[in-house]
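Asks: predicted model and sequence below, questions to follow.
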Amino acid sequence: MSPEPVRIWRISPLGLELLVDPKECRLAVGQLVDIDLRLGSSVTSLSGLAIVKTTNELGNKIIGVRLVARAPQPFDGTDRRGNPRWICSEQFLPSCVATNPARFGDFVYLRVKEISANGMRLVTSLRNKFLVKGMKLDCVASFPFISQIPIRTTIENVRLTTENGKDYLSVGVSLETLGRQERQIIAQYLIQFGEGASAAELRANGLAPRSIANSMEFSFVRTLEEYQQVLELRLLAYRTAEKIPTTFEATDMADIYDTRSRIVIGKLKGKVVATAALVFHEYHDRLEVEENEPWPK
């Protein structure tokens, strides 16, 4: 069957309503159809099933098309859902702004809820029901306190979601051709505000932050909880270096110098991940190295 131009009466992520001329339209109920959806300069290829012929509220003849996948893609052995996803902080949600392909001078606003190495889950208003699988969006993504980057996305899935009793569209997108700088910016945001994001995991997935220094809070030990975390960190470090007996516990990592030293700590998301002790000696005290190693005469 040759291509046939038709106008769209309604559109949603689930299907289309097409205005047709009953005398010329050759599309029958139950027929599979390939659709090139044109919204402005955007063209998206879709597959659908004609499910009903009816009349709209203005008396026009329409055909309802349910969007369906023509055939499942062969499994390539990659479990994409198994890739790590990091949840964004509700206090510092990133956002995306894209040009609305369906309306001149209008924009689509989306909030970023989850991020993976190659995709995002976005949430937007139901007014943007023209967003369908396969559509490409050129966005400017803003990461609070970090930076803005241009990204090109492809919509992989669209579904309804509910937050705080209100309905939204949840849009899953894949990210195209992210450069090194863009990946660093995304990683920098995740290391500061992402839930459960570690530097090692981010690097393993190709998202390497430039530095974690900006994400850390430096101070001195002031509470019992902080001091206990320092002892646990010492235990981990010396046990990893195999410099202590395997029977040692965190309490064994305290020493006499803790009574007269200023213990500096670095916290990442409230957890002590770095520590150093500045010892203040009297003139007659021996240095720590002298306690453990005899000095030459």
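Replies: Structure's in. What do you need?
Asks: how near is Leu190 to Glu90?
Replies: 15 Å (Cβ to Cβ, to the nearest Å). C-beta: built from backbone N, CA, C; applies to glycine.
Asks: what residues go with each domain of this structure?
Replies: 7-67, 84-204, 215-292 (automatic domain parsing).
Asks: turn those into JSON lines, including mean pLDDT.
Replies: Formatted as JSON lines, the domains of the chain follow (pLDDT from 0 to 100):
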{"stretch": "domain 7-67", "mean pLDDT": "82"}
{"stretch": "domain 84-204", "mean pLDDT": "88"}
{"stretch": "domain 215-292", "mean pLDDT": "87"}
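Asks: winner for burial among the ones you listed?
Replies: Neighbour counts (mean count of other Cβ atoms under 10 Å) averaged over each of the domains of the chain peak at domain 84-204, with a mean of 17.
Asks: tell me which element Gln229 falls in.
Replies: Here Gln229 sits within helix 224-240, counting by DSSP states H and E.
Asks: restrict that helix to CA atoms and write it as PDB.
Replies: Extracted C-alpha coordinates of helix 224-240, given in PDB (Å, rounded to 0.1, in the frame of the first residue of the first chain):
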ATOM      1  CA  LEU A 224      31.400  10.200  69.800                       C
ATOM      2  CA  GLU A 225      29.800   9.000  66.600                       C
ATOM      3  CA  GLU A 226      32.400  10.700  64.500                       C
ATOM      4  CA  TYR A 227      35.300   9.300  66.600                       C
ATOM      5  CA  GLN A 228      33.800   5.800  66.200                       C
ATOM      6  CA  GLN A 229      33.700   6.200  62.400                       C
ATOM      7  CA  VAL A 230      37.300   7.300  62.500                       C
ATOM      8  CA  LEU A 231      38.300   4.100  64.300                       C
ATOM      9  CA  GLU A 232      36.300   2.000  61.800                       C
ATOM     10  CA  LEU A 233      38.000   3.800  58.900                       C
ATOM     11  CA  ARG A 234      41.400   3.100  60.400                       C
ATOM     12  CA  LEU A 235      40.500  -0.500  60.900                       C
ATOM     13  CA  LEU A 236      39.400  -0.800  57.200                       C
ATOM     14  CA  ALA A 237      42.600   0.900  56.000                       C
ATOM     15  CA  TYR A 238      45.100  -1.100  58.000                       C
ATOM     16  CA  ARG A 239      43.200  -4.400  57.500                       C
ATOM     17  CA  THR A 240      43.300  -3.800  53.700                       C
END
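Asks: how far does it sit from the chain's center?
Replies: Offset of helix 224-240 from its chain centre (Cα atoms, centre = their mean, to the nearest Å): 32 Å.
Asks: who are the packing partners of it?
Replies: strand 261-268, strand 271-279 (3 or more Cβ pairs under 8 Å, 6 or more residues apart in numbering; DSSP states H and E).
Asks: ok, which of those strands comes nearest Val68?
Replies: Of all the helices and strands packed on helix 224-240, it is strand 261-268 that lies closest to Val68, at 46.5 Å by Cβ to Cβ.
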